[in-house]
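>>> let me see the structure of the following:
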Amino acid sequence: MKRTILLTILAFLCLIPSSFAASTVKNYVLVDTKSSQAFIPVRLLSEFTDTVVSLNAAEKKIQITRGETLLTLFTNQATAYNNEEKVTLKQVPFAENGTTYVPLQWISESLGLSVKWDKDASSLHISYNDDSVSVPFITRGSIQAAASPIVSERKTYKVGSKSFSVQKVTISLLHPKIELDVALAGNTIGKVEDLSSIAKRNKAIVAINGTYFDAYTKNDFKTPYGYIVSKGEIKKVNPTENRTIFTYDKNSLAALIYGQDFTEKYEQGSIEGGLQAGPRLLVNGKVSLDVKNEGFRDPKILTGGGARSALGITRDHKLILLTTSGATIPQLAEIMKQAGAYQAMNLDGGASSGLYHNGKYLTTPGRKISNAIVVKYQ
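Sure thing, here's the model as predicted:
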């Protein structure tokens, strides 16, 4: 009897599509450039209250139920049904990399969803009553076309009459094997550790130093400054600062927000990781510096030059991690713009500045550090 029950359970599990079984799968909207139509992962709809999604792989049938509405679609077929009403779709559902996609326009109109596009964040906000979700959008086929999800290179950028040699690592955030995390030295607030050790302990292929910390205290406890969030949990709180915070959600939708906006964003439950540093360098592709308003008073930030670390976000959801030396904050902003960032912020610098990739340093820090942004390749 037990064997029969076990076999029944296993048979049932085998019917669950892999896209539903994997909790770490990223949701994003695909935009077809030929038709200008958008497609959403059908599993995304199950995040809305009282909405049930079911797939029948054998019949290639997709059913979406909410209240008295039953939508029936078929992969690679234009015929669909809204309850008993037969409909001919302009764009057909399809399966790609284990995920089933359905046409956004017909689905949103049929279910009464509100859709708002944010071109600056390259994201789509979908809402219904009190439920809402934001997901990144990309061009269909762009992830598959990428030669590698992680690219390391040394580049030279000229700002005014001065040339800067930089180390740059670019990560495709939406690639299914890429995972971000914010790591603490020794997994504890107040500890310090070699950047390479943090990377290896977290099984990361890329790591860059994170936010500022009390590096010059003689005490063993060296507190980091600003918010630090890892795996959805706030590890360090600093509610008084307005410094910029790098955040990302479970779909690897990354953003830069100001400190005063953090609490509201975090309470929405979407932030998976975050790190507060600053100052902000770029806003929507333009140099945007308001250093004093972010609370900085140190001449090293206001006027001085030195070793710098920075991160940038591109319009097509790539993360740029960059280190250079001898740059002022305005010069660093120009460098990040030339590097292809659309949004960018400064990280801790000086002796903390370090960049690690594929088992070795591209830029070696001059001291142990408190925290880091790490990139894992699963």
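>>> residue 45 belongs to a helix?
Yes: if the criterion is DSSP: H, G, I helix; E, B strand; the rest coil, then residue 45 is within a helix.
>>> which pLDDT value goes with it?
Looking at residue 45, its pLDDT stands at 96.
>>> what of residue 148?
Listed pLDDT for residue 148 reads 89.
>>> now do residue 298
As summarised for this prediction, residue 298 has a pLDDT of 92.
>>> offset the numbering so it begins at 8, please.
New numbering, starting at 8: the last item is residue 305.
>>> ok, now which ones touch residue 69?
Residue 69 makes contact with 49, 60-63, 78-82, 100, 107, 109 under the criterion Cβ atoms under 8 Å, 6 or more residues apart in numbering. Backbone N, C-alpha and C define where each C-beta goes, glycine included.
>>> a markdown table for those, including distance to residue 203?
As requested, the contacts of residue 69 are arranged in a markdown table below (distance: Cβ to Cβ, whole Å):
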| residue | distance to residue 203 |
| --- | --- |
| 49 | 42 |
| 60 | 44 |
| 61 | 48 |
| 62 | 44 |
| 63 | 49 |
| 78 | 52 |
| 79 | 54 |
| 80 | 50 |
| 81 | 52 |
| 82 | 46 |
| 100 | 46 |
| 107 | 41 |
| 109 | 45 |
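>>> check those residues for burial and list the buried ones.
Members of the contacts of residue 69 that pass the buried threshold by neighbour count (16 or more other Cβ atoms under 10 Å) are listed as 49, 60, 62, 78-82, 100, 107, 109.
>>> and which of these is nearest residue 184?
Compare each of the buried ones among the contacts of residue 69 with residue 184 using Cβ to Cβ and the shortest gap goes to residue 107, at 20.2 Å.
>>> quick one: that closest one is in a strand?
Yes: the secondary structure assignment for residue 107 places it in a strand, going by three-state DSSP.
>>> count of residues packed around residue 273?
If you count neighbours by other Cβ atoms under 10 Å, residue 273 ends up with 18.
>>> kindly report the same for the one 5 residues further on.
By the measure other Cβ under 10 Å, the count of residues near residue 278 is 21.
>>> same question, residue 189
Burial of residue 189, expressed as a neighbour count using other Cβ under 10 Å, amounts to 25.
>>> center of the chain, which residue is that?
Note on the chain: the residue nearest the mean C-alpha position is residue 259, at 2.6 Å, using Cα atoms, centre = their mean.
>>> so that one is in contact with residue 180, correct?
Yes: if you go by Cβ atoms under 8 Å, residue 259 and residue 180 touch, sitting 4.1 Å apart.
>>> shared neighbours, the two?
A shared contact of residue 259 and residue 180, defined by Cβ under 8 Å, 6+ apart, is any residue touching both; here these are 143, 187, 324.
>>> what residues are up against the last one?
When you say that, I think you mean residue 324. Residue 324 is in contact with 35, 129, 143, 145, 179-181, 259-261, counting by Cβ under 8 Å, 6+ apart.
>>> state the distance from it to residue 296.
Here the criterion is Cβ to Cβ, to the nearest Å. By it, residue 324 lies 24 Å from residue 296.
>>> for the first one, same thing?
Distance check for residue 143 against residue 296: by Cβ to Cβ, it reads 27 Å.
>>> more crowded one of those two?
Neighbour totals were compared for residue 143 and residue 296, and residue 143 leads with 22 against 17 (other Cβ under 10 Å).
>>> so the more buried one, which of the three states?
Going by three-state DSSP, the secondary structure assigned to residue 143 is strand.
>>> any idea how far it is from residue 322?
As for residue 143, its distance to residue 322 is 10 Å (criterion: Cβ to Cβ).
>>> what is in contact with the two at once?
Counting by Cβ under 8 Å, 6+ apart, the residues touching both residue 143 and residue 322 are residue 129.
>>> closest one of the shared contacts of residue 259 and residue 180 to residue 379?
Taking Cβ to Cβ as the measure, residue 379 sits nearest to residue 187 out of the shared contacts of residue 259 and residue 180, at 11.3 Å.
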